[in-house]
Structure formats: C-alpha cells, structure tokens
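S.K.: Any chance you can model this:
(one chain, ligands or ions: 1)
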Amino acid sequence: MTTAAVQQAVAPEVPPAEPAPQVAGFRQAFALLRPYRSSMILAFLFGTAAAALAALQPLLVSSTVDGFAGEIPYSAILLLFVLLASSAMLNGLEQYVLQRSGERFAFDTRKRLIQHVYRLPIGVLERRERGDIISRITTDVSQTRAILSSGLVELATSLITVLVSLVMMALIDAVLLVLAALAICMVIVAIYLIGRRTRPAGLRAQNAVGDLAAAVSRSLGAIRTIRATVSTTREADSAVRQAQAALEAGFVVARLRAVVQTFSGVAVQLLLIAVVAAGAIRVAAGSLTVGQLSAFIMYLLLMATPITMFGSLVSLLGEAFGALTRILAIQSVAPESELPDVASDVASPSTAPPVRNTPGAPFFALRNISFRYPQRTENRTEDEVWALRNVTLDFLQGRTTALVGPSGAGKSTLFALLERFYDATEGAVLFRGEDVRRLSRDDLRRQISYVEQDAPALSGTVRDNLLLGLHTASDAQCADALRRVNLLSSADTAADFLDAQVGEVGTLLSGGERQRLAIARAFLADAPILLLDEVTSNLDSNNERVIQDVIRAKNGAQSIIVIAHRLSTVVAADSIIVMEEGKVVAQGTHSELLAISPLYRELAHNQLLD
Ligand SMILES: Nc1ncnc2c1ncn2[C@@H]1O[C@H](COP(=O)(O)OP(=O)(O)OP(=O)(O)O)[C@@H](O)[C@H]1O
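M.R.: Now for the predicted structure:
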C-alpha cells in the first residue's frame, strides 16, 4: 500500500472527548446494581418478613389490653417475645446480606475502575490529577457502596413497613388514619424535596476531596523541590485551602442532613401528639377502645423509624449519587485499546508484523507526520500548537540513529508516537511498512525496549524493577544485566542487591543509578528495537562510557534510536537527525553535519566537539 493510500485509509486522530459529567440518579444506580439483584431481593425479603412480624405485635397488644381480666397473660407475653426476637433476627440477616453485597459491590467497582484507569490513553492521564483519580477509586467507591449496603433496599423495606402499618391502622380506625396519612404525606414530600438538594452538594463535596487528594499527591511527588525552594508553607496552605473547600461543601451536606433529620423527627413527634389527642377524643366518644388506640399508636411508632430513616437515607443517597457521578465520569472515557484506530474498512487491528532482519531496511518510517497535543491548543498561535511538523524520516534496521536538537524540539514527542502513546494528528507512522494504527499497541510495544527520560523506578525491589517487562528472567540474567550497566560490581552478592528496596519512585537510588537500572531493564528485555531518551544525562563520564560501549556492542543486533543532548554520546551514531521547533532540519553523520548544518555546528561548538 502506498503512503498516500495509508493516509487515506486511516482515520484522523480524534482526541478522546471527556463528556461533561451528569449527576447520576436511580437509573444509573440500578444498572450498576444489576449483578447484585439476587442478594438485594433476598435482603428485601428478610426486611419485609421482619416488618410483617413487627406489624403483628400491636395487634397482639391490642387484643391483650382489651381482653385483660386481671390475670397476667403469659402466653401473649411469650408470643410477643418470639415475634420480637424473630423480627430482630430477620433484620440482622437483612443487614448481613446487604453489608456483604455492599463489600462485593465496592470490590467489583474498584477492580473495574483500576483496570479501566490503567488502560486510559496517556493523554487523558496526563490531563488529570493523579490524586483525584485515586480518590475516585477509594473514597468515591466507599460512598457509592452506601447506595447498596444501606440505601435502596432499606428504602424499599421502610416503604413496606409504612404501607403495612397504614393498612393495619385503616382496619383499626379510618378517621384517625386519614388524619395521620395526610400528615405523613406532607412530611415525606418535604423530606424528599430537601433531601434531593444533597445530590449536587454531595458531588461538590466529593470533587473537593478529589482536589485535596490531588494537591497532596502533587506536593509529595515533588517534596525535595518544595523543601529546597522553601515553599513548604505555601504548598501546605494550598492543600489546606482544598481541605477548606471540602469542609465548606461538607458543611452544606451536613446542614441539609441536619434539616432533614430534625424536620422528620419533629414531624413524627407532632404527629404522635395529634393522634393521641384525636384518639383520646374518639375513645371518650366510644368510637374506639383503649386497646385499639394503643395498637394504633404502636403502628404509628413502627412507622416513625422508617420515616425518620427516610430522611437520612435520602441525603445518604444524594451523597452516594454524587460519588457515583464521579465514578461514571471516569468510566465513560474510552480506554486506549478502544480508541478508533483505523477506518471502518479494516475489521480489527492486526498483530505487529514479524521481525524481518533485513539490515538497512526501515523498521520505522515517518511519512509527513504532524502532531499537536490535544491539551495545547488554547491561547497559542497556529505554529505554536504543533509539537511536530511535516516530519518524514526512515529509521534503518540494525543501525543506531541519534536525535539531537534544542530543548522542546519534539524529540521525546517523536518517541511517544513510535510507542503509540499518541497517534499522529496528520501523516502516518509505518512499522515495517504497516501503519502503526493498524497494529495492536501491545504487540508493537513488545518489539521495543523504551527507556524514558528521567525513568522512574517503581517501589519494590531491584528485581521487581528489572522484571517489569520480562517476568521470566533468572537471577543470573538479572545480575548480568546489572553488571553490564555497572550497577553491580563483582564483589556484590547479586541476590542481596536484587532484593534491595528502591523506595517509592526510586527515591533510595541516585539519579544515575535509577537511569542505569532502567537501561539494565531494557537490555534484559532484549527487544529488537531500543529507544533511549536522554539515558546518560545523570551519568558521570565513566558510566557514560560504559553505557556507550554496551550500546555500540549492540549495534547491528538491535535497531537503536538515541536522544541525547550530550553530542559525545552520539558522535559515533550511523545517522544523526537534527531537529528544531518540531521539524527535521538536517540529517547525516557527525562530520557531514558539521559541514552542512549551522545548528549542529553550533551545538557541537558549544560542547567543544568541533
Ligand atoms: N505531554 C505533553 N503535553 C503537552 N505538551 C507537551 C507534552 N510533552 C511535550 N509537550 C510540548 O511539546 C513540545 C516538544 O516537546 P518534547 O518533549 O518532544 O521536546 P524535546 O525535544 O524532547 O525536549 P527536551 O530535550 O527538553 O526533552 C514542547 O513545546 C513541549 O512543551
């Protein structure tokens, strides 16, 4: 296929759009709860049975009071006790089933979120604050669990209790019931209207907690710089301001909750007083017995708990819906592998073409590539938004190619396109003749060992770090890779060193050790292609030479692309590409470039290499 045909067939890169979050409600909650419906139904049945048994108690009390003839009614008391104990046990079972499935729901949601977040496009993750993502996986999921563990089912069983009580009260005295029912309806509507307002307030509170987590995570990630620039107080103040925002949003939620709960508590008390007063009048008039009035009041009390609980449940659900909104917002962003890769005429991405060892053939070919970062368009001129502009290049099999140029020239961006962290905005990247957008990202990446600029070490042991991409290497192979980058002297016992902890983001290692550990990992992976981005910037001249020698020894066996500011690292490369402002301005060997490229001459002159 010609390059032009490839460019036509491949759909242009569309930056992944992040839909504006809509506050989640019952519809989204029900969809999420579908896998747990059998547990929820079971809990509901337990709750309903408990409510039914509780509803029998006032009837028993009524008949006992009205039939009281001076003897203690032992059998009625025993029956009452059995009813009470059975209803309590059923309530306990309801809670157990709900809490258990709540935990399962939290686990499943976290698992799904983690797997989703780890697969989000690099561009999306770079735009978002890490701390905020963490708070969605931790705090928001805990909040959302409330929907299941104490929310919807309890709401449903509360309604059942209220309905059963209403029916029983209707059988006892319809006039009193009309009075009570009118008051209850007004209370429920009022609670719902106030409680509904907790939903946006809950979302604001959760967003504020997310921002706080982001602020702390950002500061702790750069703690040395913060201390060294004496900005500890300023950074701490900024995190405290986020905490303050969380406090203020929390106050709104607390206020609404207090209003709802107080209102429902007072409303129930008033209701009781009104019913007792009206009931007493009806008893005096002979329309009601004392036993019936006691049963009526007991039913009213039975309803009181669900009605007061209804208030706190509605506000709890409001907060849970806020948290659910944040979870759904991140879940709705398409993960990397689901991005539109190719035009509809190609069914599915193929695997990476097998390695063809044809020295001199291009393994990567860039065809008129232009690239702009999705987040860099605002307030910039047309020229400034392009990180790469009309780049056409061939990287040849078995050769070492170097990329040099001033800072911001687009060198690392070019690596990001080769690794498919991003896709070109215009033009095509071909891997062994195939457009990379037609390839599976994982298969492409398996062919490449990539050492990023300022490569971080992951917390864990040296061995964990070495085995990141290659889980099967033996200790002997790991030790050999470490020796090649001068991280392990022959005196060291390899096993001890491999078990040594490197600390969170490699803080227990020096910058140079971290770089060499990353290079050792790349050597161990032994992929056909090696991408090295400024890997010797932190090395002393001795270690730089060691690494250069290993790279040189690999020349021919591996295809290597090196980015370097220090030209001494790349003078021996087969080909050197000079970049400036996103464009390729010259290409050749060191001596050729000294003759033809003013920019290269200047770089070499500044580094005393001409
Ligand atoms: N993740 C990113 N999001 C937005 N803009 C970016 C991102 N990474 C780089 N850029 C911008 O793209 C341009 C090219 O950056 P790039 O990192 O590719 O340059 P470079 O030649 O590798 O520089 P250096 O030698 O300093 O590493 C710069 O203007 C930079 O600010």
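S.K.: CA atoms for contacts and neighbours, from now on please.
M.R.: OK.
S.K.: For residue 572, which non-adjacent residue is closest in space?
M.R.: Spatial nearest neighbour of residue 572, excluding adjacent residues (CA to CA, 6 or more residues apart in numbering): residue 590 at 7.4 Å.
S.K.: Quick check: that neighbour vs residue 408, distance?
M.R.: 22 Å (CA to CA, to the nearest Å).
S.K.: out of the two, which sits in the more crowded spot?
M.R.: residue 590 (22 against 13; other CA atoms under 10 Å).
S.K.: Now do the contacts for the more buried one.
M.R.: Going by CA atoms under 8 Å, 6 or more residues apart in numbering, residue 590 touches 571, 572, 573, 575, 576.
S.K.: Which helix in this protein has the most residues?
M.R.: helix 232-284 (DSSP state H).
S.K.: Report the distance from it to the chain centre.
M.R.: Relative to the centre of its chain, helix 232-284 is centred 32 Å away, using CA atoms, centre = their mean, to the nearest Å.
S.K.: Which other helices and strands does that helix contact?
M.R.: Counting contacts by 3 or more CA pairs under 8 Å, 6 or more residues apart in numbering; DSSP states H and E, helix 232-284 packs against helix 174-196, helix 198-221, helix 290-331.
S.K.: quick one: that helix to helix 174-196, angle?
M.R.: 170 degrees (axes from the mean of the first three to the mean of the last three CA atoms, to 10 degrees).
S.K.: Give me the pLDDT value at the residue nearest to residue 572.
M.R.: Looking at residue 590, its pLDDT stands at 91.
S.K.: Relative to the ligand, how far out is it?
M.R.: Using CA to the nearest ligand atom, to the nearest Å, residue 590 is found at 19 Å from the ligand.
S.K.: what about stretch 563-576, how long is it end to end?
M.R.: Using CA to CA, the end-to-end distance of stretch 563-576 comes to 10 Å.
S.K.: So which residues on the chain come close to the ligand?
M.R.: Residues of the chain lying near the ligand by CA under 6 Å from any ligand atom: 373, 376, 387, 407, 408, 409, 410, 411, 412, 413.
S.K.: Which positions in the helix or strand hosting residue 592 come out as buried?
M.R.: Here residue 592 sits within helix 590-596, counting by DSSP states H and E. The neighbour-count check on helix 590-596 (16 or more other CA atoms under 10 Å) flags 590, 593, 594 as buried.
S.K.: Repeat that for stretch 428-443.
M.R.: Neighbour-count burial for stretch 428-443 flags 428-441 (criterion: 16+ other CA under 10 Å).
S.K.: from those residues, which single one is nearest residue 249?
M.R.: The closest of these to residue 249 turns out to be residue 441 (CA to CA; 42.2 Å).
S.K.: okay but residue 276 is in contact with residue 297, surely?
M.R.: Yes. The criterion here is CA atoms under 8 Å, and residue 276 meets it with residue 297 at 7.4 Å.
S.K.: For the stretch 451-600 of the chain, give me the ranges with low pLDDT.
M.R.: Confidence mapping of the stretch 451-600 of the chain against pLDDT under 70 gives the ranges 470-471, 490-492, 504-508, 554-556.
S.K.: same deal with the stretch 51-200 of the chain?
M.R.: Using pLDDT under 70, the stretch 51-200 of the chain drops low at 69-70, 148-150.
S.K.: how does it look with 90?
M.R.: Applying pLDDT under 90 to the stretch 51-200 of the chain flags the ranges 51-81, 83-84, 91, 94-95, 98-103, 118-135, 139, 142-200.
S.K.: What ranges does it have for its helices?
M.R.: Listed in chain order, the helices of the stretch 51-200 of the chain (DSSP state H, counting those that start in this stretch) span 74-117, 122-127, 130-135, 141-146, 152-172, 174-196, 198-221.
S.K.: How about the stretch 301-450 of the chain?
M.R.: 411-418, 441-446.
S.K.: Using PDB, list the CA coordinates for the first one.
M.R.: Same thing as helix 411-418. The C-alpha coordinates for helix 411-418 follow below in PDB (Å, rounded to 0.1, in the frame of the first residue of the first chain):
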ATOM      1  CA  LYS A 411      12.400  14.600  20.100                       C
ATOM      2  CA  SER A 412      10.600  12.900  23.000                       C
ATOM      3  CA  THR A 413       7.300  13.600  21.200                       C
ATOM      4  CA  LEU A 414       8.600  11.600  18.300                       C
ATOM      5  CA  PHE A 415       9.300   8.700  20.700                       C
ATOM      6  CA  ALA A 416       5.800   9.000  22.100                       C
ATOM      7  CA  LEU A 417       4.400   8.500  18.500                       C
ATOM      8  CA  LEU A 418       6.700   5.500  17.900                       C
END
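S.K.: Could you pull up the contacting residues of the closest residue to the ligand within the stretch 151-300 of the chain?
M.R.: For the stretch 151-300 of the chain and the ligand, the shortest gap (CA to the nearest ligand atom) falls at residue 218, measuring 16.3 Å. Listed by CA under 8 Å, 6+ apart, the contact set of residue 218 reads 129, 130, 131.
S.K.: give me the number of residues near the nearest residue to the last one once chain neighbours are set aside?
M.R.: Taking CA to CA, 6+ apart, and ignoring the residues beside it in sequence, residue 131 has residue 214 as its nearest neighbour in space, at 3.5 Å. Neighbourhood size, residue 214 [other CA under 10 Å]: 22.
S.K.: so residue 214 makes contact with residue 130?
M.R.: Yes. Residue 214 is in contact with residue 130 according to CA under 8 Å; the separation is 5.9 Å.
S.K.: Need the three-state assignment for residue 287.
M.R.: Taken by DSSP: H, G, I helix; E, B strand; the rest coil, the conformation at residue 287 corresponds to coil.
S.K.: what number of residues lie near it?
M.R.: 10.
S.K.: And it, how far from residue 372?
M.R.: Taking CA to CA as the measure, residue 287 falls 84 Å from residue 372.
S.K.: For residue 587, pull up the helix or strand it's in.
M.R.: Here residue 587 is assigned to strand 583-588, by DSSP H and E.
S.K.: Quick one: residues in contact with that strand.
M.R.: Outside strand 583-588, the residues within contact range by CA under 8 Å, 6+ apart are 388-392, 409-410, 575-579, 593, 596-597.
S.K.: Now go through the residues you listed and say which are in strands.
M.R.: Within the contacts of strand 583-588, membership in strands is found for 388, 389, 390, 391, 392, 575, 576, 577, 578, 579, as judged by DSSP state E.
S.K.: neighbour-wise, which of those residues leads?
M.R.: When neighbours are counted by other CA under 10 Å, residue 388 leads these with 28 neighbours.
S.K.: My guess is residue 165 contacts residue 298. True?
M.R.: No. Checked against CA under 8 Å, the pair residue 165 and residue 298 is beyond contact range at 9.1 Å.
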